[in-house]
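1. Give me the fold of what follows.
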Amino acid sequence: MIKQPFPEFEQIEAILQEDNAAHIHSQVLCQVSRDNDRLPVYALTIGKSGPNVPCVTYVAGIHGLERIGTQVVIAFLEGLLERLKWDRVLVEILSRVRIHFLPIVNPIGMLNKTRANGQGVDLMRNAPVESKEKTILLAGGHRISSVLPWYRGKASDSMQPEAQALCDFIAKEVLSAPFSLVLDCHSGFGFRNQIWFPYARSRLEPIKHLKEVCYLRKLFMQTYPHQDYLFEPQSQHYLVHGDLWDFLYLKSLESDNVFLPLTLEMGSWRWIRKNPLQLHQLLGLYHPIKPHRLNRVLRSHLILMEFLLHATFSYQGWINNSDAGELEQQALTHWYA
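-> I've put the predicted structure just below:
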(Lines give C-alpha, C1' and ligand atoms only; values in the text may rest on other atoms or scores of the structure.)
Protein backbone atom coordinates (compact mmCIF):
# COMPACT_ATOMS: atom_id res chain seq x y z
CA MET A 1 0.00 0.00 0.00
CA ILE A 2 1.45 3.39 -1.03
CA LYS A 3 1.49 5.72 1.97
CA GLN A 4 1.68 9.00 0.04
CA PRO A 5 -0.37 10.44 -2.83
CA PHE A 6 0.63 9.14 -6.25
CA PRO A 7 -2.07 10.44 -8.63
CA GLU A 8 -0.48 9.17 -11.86
CA PHE A 9 -0.23 5.63 -10.52
CA GLU A 10 -3.82 5.86 -9.27
CA GLN A 11 -4.92 6.92 -12.77
CA ILE A 12 -3.33 3.80 -14.27
CA GLU A 13 -4.94 1.59 -11.63
CA ALA A 14 -8.31 3.21 -12.35
CA ILE A 15 -7.93 2.57 -16.09
CA LEU A 16 -7.28 -1.11 -15.38
CA GLN A 17 -10.26 -1.37 -13.02
CA GLU A 18 -12.73 0.31 -15.36
CA ASP A 19 -14.68 -1.42 -18.12
CA ASN A 20 -11.71 -1.57 -20.51
CA ALA A 21 -11.01 -5.29 -20.41
CA ALA A 22 -12.21 -5.79 -23.99
CA HIS A 23 -9.71 -3.25 -25.31
CA ILE A 24 -6.65 -3.22 -23.09
CA HIS A 25 -4.03 -5.80 -22.16
CA SER A 26 -1.72 -5.09 -19.22
CA GLN A 27 1.61 -6.58 -18.18
CA VAL A 28 3.76 -6.02 -15.12
CA LEU A 29 7.29 -5.79 -16.52
CA CYS A 30 8.97 -5.72 -13.10
CA GLN A 31 8.36 -4.58 -9.54
CA VAL A 32 10.51 -2.14 -7.61
CA SER A 33 10.59 -1.49 -3.88
CA ARG A 34 10.90 1.47 -1.54
CA ASP A 35 10.61 0.76 2.18
CA ASN A 36 7.48 -1.39 2.37
CA ASP A 37 6.09 -0.18 -0.96
CA ARG A 38 6.28 -2.47 -4.00
CA LEU A 39 5.32 -0.82 -7.24
CA PRO A 40 4.80 -2.41 -10.66
CA VAL A 41 6.16 -1.06 -13.93
CA TYR A 42 3.17 -1.42 -16.23
CA ALA A 43 2.94 -1.90 -19.98
CA LEU A 44 -0.56 -1.36 -21.38
CA THR A 45 -1.41 -2.46 -24.92
CA ILE A 46 -4.37 -1.87 -27.22
CA GLY A 47 -4.87 -2.88 -30.83
CA LYS A 48 -3.97 -5.88 -32.94
CA SER A 49 -1.52 -8.48 -31.68
CA GLY A 50 0.97 -10.46 -33.75
CA PRO A 51 4.59 -10.11 -34.91
CA ASN A 52 3.81 -8.64 -38.35
CA VAL A 53 1.75 -5.71 -37.10
CA PRO A 54 3.23 -2.19 -37.11
CA CYS A 55 3.28 -0.62 -33.67
CA VAL A 56 3.77 2.68 -31.91
CA THR A 57 4.91 2.94 -28.29
CA TYR A 58 4.50 5.86 -25.89
CA VAL A 59 6.95 5.90 -22.98
CA ALA A 60 7.22 8.27 -20.00
CA GLY A 61 8.41 8.53 -16.44
CA ILE A 62 11.99 7.38 -17.02
CA HIS A 63 13.04 10.41 -14.96
CA GLY A 64 10.95 10.64 -11.82
CA LEU A 65 10.91 14.44 -11.69
CA GLU A 66 9.38 14.76 -15.15
CA ARG A 67 5.79 13.94 -14.27
CA ILE A 68 4.30 15.91 -17.15
CA GLY A 69 5.43 13.25 -19.66
CA THR A 70 3.51 10.59 -17.74
CA GLN A 71 0.44 12.81 -17.58
CA VAL A 72 0.55 13.47 -21.33
CA VAL A 73 0.79 9.73 -22.12
CA ILE A 74 -2.05 8.84 -19.72
CA ALA A 75 -4.23 11.62 -21.17
CA PHE A 76 -3.71 10.24 -24.68
CA LEU A 77 -4.55 6.70 -23.56
CA GLU A 78 -7.69 7.84 -21.75
CA GLY A 79 -8.80 9.75 -24.84
CA LEU A 80 -8.33 6.70 -27.09
CA LEU A 81 -10.31 4.48 -24.72
CA GLU A 82 -13.19 6.98 -24.71
CA ARG A 83 -13.12 7.22 -28.51
CA LEU A 84 -13.28 3.46 -28.89
CA LYS A 85 -16.88 3.69 -27.65
CA TRP A 86 -17.96 5.58 -30.79
CA ASP A 87 -15.07 6.25 -33.21
CA ARG A 88 -15.27 3.69 -36.03
CA VAL A 89 -12.18 5.12 -37.73
CA LEU A 90 -10.12 4.47 -34.60
CA VAL A 91 -11.57 0.96 -34.36
CA GLU A 92 -10.39 0.34 -37.93
CA ILE A 93 -6.92 1.69 -37.16
CA LEU A 94 -6.58 -0.55 -34.11
CA SER A 95 -7.55 -3.57 -36.18
CA ARG A 96 -4.24 -3.08 -38.04
CA VAL A 97 -1.94 -1.35 -35.53
CA ARG A 98 -0.71 -2.11 -32.01
CA ILE A 99 -0.18 0.66 -29.43
CA HIS A 100 1.91 0.22 -26.29
CA PHE A 101 1.94 2.56 -23.29
CA LEU A 102 4.65 2.51 -20.61
CA PRO A 103 3.56 5.55 -18.57
CA ILE A 104 5.79 5.23 -15.49
CA VAL A 105 9.07 3.42 -16.08
CA ASN A 106 10.57 4.81 -12.85
CA PRO A 107 7.82 4.76 -10.18
CA ILE A 108 10.19 4.97 -7.20
CA GLY A 109 11.92 8.00 -8.68
CA MET A 110 8.53 9.62 -9.18
CA LEU A 111 7.56 8.86 -5.58
CA ASN A 112 10.90 10.19 -4.33
CA LYS A 113 10.74 13.23 -6.63
CA THR A 114 14.16 12.42 -8.07
CA ARG A 115 15.52 12.11 -11.58
CA ALA A 116 17.19 8.78 -10.75
CA ASN A 117 15.62 5.53 -9.60
CA GLY A 118 15.66 4.23 -6.04
CA GLN A 119 19.33 3.20 -6.37
CA GLY A 120 20.42 6.66 -7.49
CA VAL A 121 20.95 5.54 -11.12
CA ASP A 122 19.87 7.67 -14.07
CA LEU A 123 18.05 5.13 -16.22
CA MET A 124 18.79 7.10 -19.40
CA ARG A 125 22.52 6.60 -18.80
CA ASN A 126 22.26 2.93 -17.81
CA ALA A 127 22.53 0.99 -21.07
CA PRO A 128 25.77 -0.80 -22.07
CA VAL A 129 26.71 1.57 -24.87
CA GLU A 130 29.52 4.13 -24.87
CA SER A 131 29.82 7.48 -26.59
CA LYS A 132 32.42 7.46 -29.35
CA GLU A 133 33.29 11.08 -28.63
CA LYS A 134 33.89 13.28 -25.62
CA THR A 135 30.77 13.87 -23.53
CA ILE A 136 29.83 16.79 -21.33
CA LEU A 137 31.25 16.51 -17.81
CA LEU A 138 28.97 14.54 -15.44
CA ALA A 139 25.80 15.14 -17.50
CA GLY A 140 27.09 12.80 -20.19
CA GLY A 141 26.94 9.95 -17.69
CA HIS A 142 29.54 9.00 -15.06
CA ARG A 143 30.39 6.21 -12.63
CA ILE A 144 31.72 8.35 -9.75
CA SER A 145 28.91 8.15 -7.21
CA SER A 146 25.12 7.95 -6.97
CA VAL A 147 25.29 11.12 -4.85
CA LEU A 148 25.88 13.05 -8.09
CA PRO A 149 23.21 13.36 -10.80
CA TRP A 150 23.52 11.44 -14.10
CA TYR A 151 25.14 8.44 -12.37
CA ARG A 152 25.35 5.41 -14.69
CA GLY A 153 25.95 2.74 -12.07
CA LYS A 154 29.03 0.59 -11.70
CA ALA A 155 30.52 -0.88 -14.87
CA SER A 156 30.36 -4.36 -13.35
CA ASP A 157 26.66 -4.10 -12.47
CA SER A 158 23.78 -5.34 -14.59
CA MET A 159 21.28 -2.85 -15.92
CA GLN A 160 18.81 -1.55 -13.39
CA PRO A 161 15.56 -3.59 -13.28
CA GLU A 162 13.46 -0.75 -14.72
CA ALA A 163 15.85 -0.16 -17.63
CA GLN A 164 16.23 -3.89 -18.26
CA ALA A 165 12.45 -4.37 -18.21
CA LEU A 166 11.99 -1.58 -20.75
CA CYS A 167 14.68 -3.00 -23.04
CA ASP A 168 13.33 -6.55 -22.76
CA PHE A 169 9.83 -5.34 -23.59
CA ILE A 170 10.96 -3.35 -26.63
CA ALA A 171 13.10 -6.28 -27.86
CA LYS A 172 10.24 -8.76 -27.50
CA GLU A 173 7.13 -6.74 -28.36
CA VAL A 174 8.35 -3.96 -30.66
CA LEU A 175 11.45 -4.87 -32.66
CA SER A 176 9.68 -7.80 -34.31
CA ALA A 177 7.25 -5.38 -35.99
CA PRO A 178 7.96 -4.51 -39.64
CA PHE A 179 7.71 -0.84 -38.71
CA SER A 180 7.67 0.73 -35.26
CA LEU A 181 7.86 4.17 -33.71
CA VAL A 182 8.58 5.13 -30.10
CA LEU A 183 7.90 8.48 -28.45
CA ASP A 184 9.65 8.84 -25.10
CA CYS A 185 8.29 11.88 -23.24
CA HIS A 186 10.59 14.09 -21.11
CA SER A 187 10.69 17.71 -19.96
CA GLY A 188 13.16 20.27 -18.75
CA PHE A 189 15.30 21.35 -21.72
CA GLY A 190 15.04 24.80 -23.25
CA PHE A 191 12.28 27.14 -24.34
CA ARG A 192 11.15 25.04 -27.32
CA ASN A 193 9.55 21.65 -27.66
CA GLN A 194 12.07 19.37 -29.29
CA ILE A 195 11.94 15.95 -30.94
CA TRP A 196 15.24 14.10 -30.84
CA PHE A 197 16.34 10.94 -32.58
CA PRO A 198 19.53 8.83 -32.17
CA TYR A 199 22.38 8.95 -31.88
CA ALA A 200 23.16 10.43 -28.48
CA ARG A 201 26.63 8.86 -28.64
CA SER A 202 28.05 10.55 -31.75
CA ARG A 203 27.82 13.87 -33.58
CA LEU A 204 29.51 12.41 -36.65
CA GLU A 205 27.63 9.16 -37.25
CA PRO A 206 24.10 9.39 -38.70
CA ILE A 207 21.66 6.55 -38.10
CA LYS A 208 20.96 4.03 -40.83
CA HIS A 209 17.35 5.21 -41.20
CA LEU A 210 18.17 8.89 -41.59
CA LYS A 211 16.07 9.13 -44.77
CA GLU A 212 13.03 7.71 -43.01
CA VAL A 213 13.36 10.10 -40.08
CA CYS A 214 13.85 13.03 -42.45
CA TYR A 215 10.76 12.11 -44.44
CA LEU A 216 8.70 11.63 -41.27
CA ARG A 217 9.76 15.12 -40.19
CA LYS A 218 8.79 16.47 -43.60
CA LEU A 219 5.34 14.87 -43.37
CA PHE A 220 4.78 16.33 -39.92
CA MET A 221 5.87 19.83 -40.94
CA GLN A 222 3.66 19.75 -44.03
CA THR A 223 0.66 18.37 -42.17
CA TYR A 224 1.01 20.76 -39.22
CA PRO A 225 2.90 23.80 -40.53
CA HIS A 226 2.14 25.88 -37.43
CA GLN A 227 3.58 23.43 -34.92
CA ASP A 228 6.29 24.42 -32.45
CA TYR A 229 8.71 21.47 -32.52
CA LEU A 230 12.42 21.49 -33.33
CA PHE A 231 13.26 18.12 -34.91
CA GLU A 232 16.91 16.99 -34.88
CA PRO A 233 19.48 14.45 -33.61
CA GLN A 234 20.05 14.49 -29.86
CA SER A 235 23.78 14.82 -30.55
CA GLN A 236 23.14 18.39 -31.74
CA HIS A 237 22.76 19.30 -28.06
CA TYR A 238 24.99 16.97 -26.06
CA LEU A 239 26.53 13.50 -26.13
CA VAL A 240 25.94 10.83 -23.47
CA HIS A 241 27.03 7.37 -22.48
CA GLY A 242 24.49 4.64 -21.87
CA ASP A 243 21.53 6.02 -23.80
CA LEU A 244 18.69 3.48 -23.81
CA TRP A 245 17.42 4.39 -27.27
CA ASP A 246 20.89 4.24 -28.83
CA PHE A 247 21.24 0.78 -27.33
CA LEU A 248 17.85 -0.40 -28.61
CA TYR A 249 18.30 1.19 -32.03
CA LEU A 250 21.62 -0.60 -32.46
CA LYS A 251 19.90 -3.84 -31.47
CA SER A 252 17.17 -3.22 -34.05
CA LEU A 253 19.78 -3.21 -36.84
CA GLU A 254 20.11 -6.97 -36.43
CA SER A 255 16.94 -7.26 -38.55
CA ASP A 256 15.57 -5.52 -41.64
CA ASN A 257 12.66 -4.00 -39.71
CA VAL A 258 12.45 -0.23 -39.30
CA PHE A 259 12.59 1.02 -35.70
CA LEU A 260 12.50 4.79 -35.13
CA PRO A 261 12.82 5.89 -31.49
CA LEU A 262 12.01 9.55 -30.85
CA THR A 263 12.40 11.56 -27.66
CA LEU A 264 10.07 14.46 -26.90
CA GLU A 265 11.75 17.11 -24.77
CA MET A 266 9.05 19.51 -23.60
CA GLY A 267 10.51 22.99 -23.21
CA SER A 268 9.87 23.59 -19.53
CA TRP A 269 11.86 26.83 -19.40
CA ARG A 270 8.92 28.65 -20.98
CA TRP A 271 6.77 27.67 -17.98
CA ILE A 272 9.42 29.11 -15.66
CA ARG A 273 9.68 32.31 -17.70
CA LYS A 274 5.94 32.87 -17.34
CA ASN A 275 5.84 31.84 -13.67
CA PRO A 276 9.28 32.19 -12.01
CA LEU A 277 7.75 31.54 -8.58
CA GLN A 278 7.27 27.88 -9.47
CA LEU A 279 11.01 27.40 -8.91
CA HIS A 280 10.17 27.51 -5.19
CA GLN A 281 8.74 24.00 -5.69
CA LEU A 282 10.95 20.98 -6.38
CA LEU A 283 8.97 19.99 -9.49
CA GLY A 284 8.84 23.54 -10.81
CA LEU A 285 11.80 23.15 -13.17
CA TYR A 286 10.19 20.22 -14.99
CA HIS A 287 6.45 20.60 -14.60
CA PRO A 288 3.85 23.33 -15.33
CA ILE A 289 2.36 24.33 -11.98
CA LYS A 290 -0.49 26.64 -13.01
CA PRO A 291 -3.62 24.56 -13.82
CA HIS A 292 -4.40 26.38 -17.08
CA ARG A 293 -0.82 25.90 -18.28
CA LEU A 294 -0.90 22.21 -17.37
CA ASN A 295 -4.12 21.76 -19.36
CA ARG A 296 -2.56 23.56 -22.33
CA VAL A 297 0.44 21.22 -22.29
CA LEU A 298 -1.78 18.14 -22.03
CA ARG A 299 -3.68 19.32 -25.11
CA SER A 300 -0.78 20.51 -27.22
CA HIS A 301 1.16 17.24 -27.58
CA LEU A 302 -1.88 15.14 -28.48
CA ILE A 303 -1.47 16.34 -32.08
CA LEU A 304 2.03 14.87 -32.26
CA MET A 305 0.93 11.59 -30.66
CA GLU A 306 -2.03 11.27 -33.01
CA PHE A 307 0.22 11.99 -36.01
CA LEU A 308 2.63 9.23 -35.00
CA LEU A 309 -0.26 6.78 -34.68
CA HIS A 310 -1.45 7.59 -38.19
CA ALA A 311 2.09 7.53 -39.57
CA THR A 312 2.46 4.02 -38.16
CA PHE A 313 -0.89 2.88 -39.54
CA SER A 314 -0.04 4.30 -42.99
CA TYR A 315 3.71 3.57 -43.04
CA GLN A 316 3.52 1.57 -46.28
CA GLY A 317 2.09 4.65 -47.99
CA TRP A 318 5.08 6.88 -47.21
CA ILE A 319 8.08 4.76 -46.22
CA ASN A 320 9.11 4.03 -49.82
CA ASN A 321 9.06 7.73 -50.65
CA SER A 322 11.91 8.16 -48.18
CA ASP A 323 14.25 6.21 -50.51
CA ALA A 324 15.10 9.26 -52.60
CA GLY A 325 18.85 9.87 -52.55
CA GLU A 326 18.46 13.63 -52.41
CA LEU A 327 16.50 13.31 -49.17
CA GLU A 328 19.45 11.71 -47.40
CA GLN A 329 21.77 14.39 -48.76
CA GLN A 330 19.41 17.08 -47.49
CA ALA A 331 19.41 15.44 -44.06
CA LEU A 332 23.20 15.19 -44.00
CA THR A 333 23.53 18.82 -45.00
CA HIS A 334 20.88 19.96 -42.53
CA TRP A 335 22.10 18.03 -39.48
CA TYR A 336 25.66 16.86 -40.09
CA ALA A 337 27.34 19.52 -42.23
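
2. ok, now which ones touch V258?
-> V258 is in contact with P178, F179, S180, H209, E212, Y315, I319, counting by Cβ atoms under 8 Å, 6 or more residues apart in numbering. Any C-beta I mention is one placed from the backbone N, CA and C, and that applies to glycine too.

3. What of P40?
-> Neighbours of P40 in contact, by Cβ under 8 Å, 6+ apart: V28, L29, C30, Q31, P107.

4. from the chain's centre, how far out does the strand or helix carrying it sit?
-> Assessed by DSSP states H and E, P40 sits inside strand 37-47. Mean-position distance between strand 37-47 and its chain equals 15 Å (Cα atoms, centre = their mean, to the nearest Å).

5. Could you do stretch 247-261 as well?
-> Distance, centroid of stretch 247-261 to centroid of chain: 16 Å (Cα atoms, centre = their mean).

6. That stretch spans what distance, first to last residue?
-> 11 Å (Cα to Cα, to the nearest Å).

7. Looking at that stretch now, give me its mean pLDDT.
-> Stretch 247-261 shows a mean pLDDT of 97.

8. before we move on, the earlier item: among the contacts of V258, show me the least confident.
-> I319 (91).

9. Just confirm F169 is within a helix.
-> Yes. The assignment for F169, made by DSSP: H, G, I helix; E, B strand; the rest coil, places it in a helix.

10. How many neighbouring residues does it have?
-> 20 (other Cβ atoms under 10 Å).

11. do you know how far it is from H63?
-> 18 Å (Cβ to Cβ, to the nearest Å).

12. I74 too?
-> 16 Å.

13. now do G325
-> 39 Å.

14. thought L250 was touching A127?
-> No. Between L250 and A127 there is no contact under Cβ atoms under 8 Å: 9.4 Å.

15. the more surrounded of those two?
-> A127 (26 against 16).

16. Wait, that one touches L244, no?
-> Yes. Between A127 and L244 a contact is recorded at 4.9 Å, counting by Cβ under 8 Å.

17. and for these two, which residues touch both?
-> What both A127 and L244 touch, as defined by Cβ under 8 Å, 6+ apart, is the set A163, C167.

18. In contact with the residue nearest the centre of the chain: list those residues for me.
-> In the chain, the residue lying closest to the centroid (Cα atoms, centre = their mean) is D184, at 0.7 Å. By Cβ under 8 Å, 6+ apart, the contact set of D184 is V59, A60, I62, G69, W245, P261, L262, T263, L264.

19. Mind checking which of those are in strands?
-> V59, A60, P261, L262, T263, L264 (DSSP state E).
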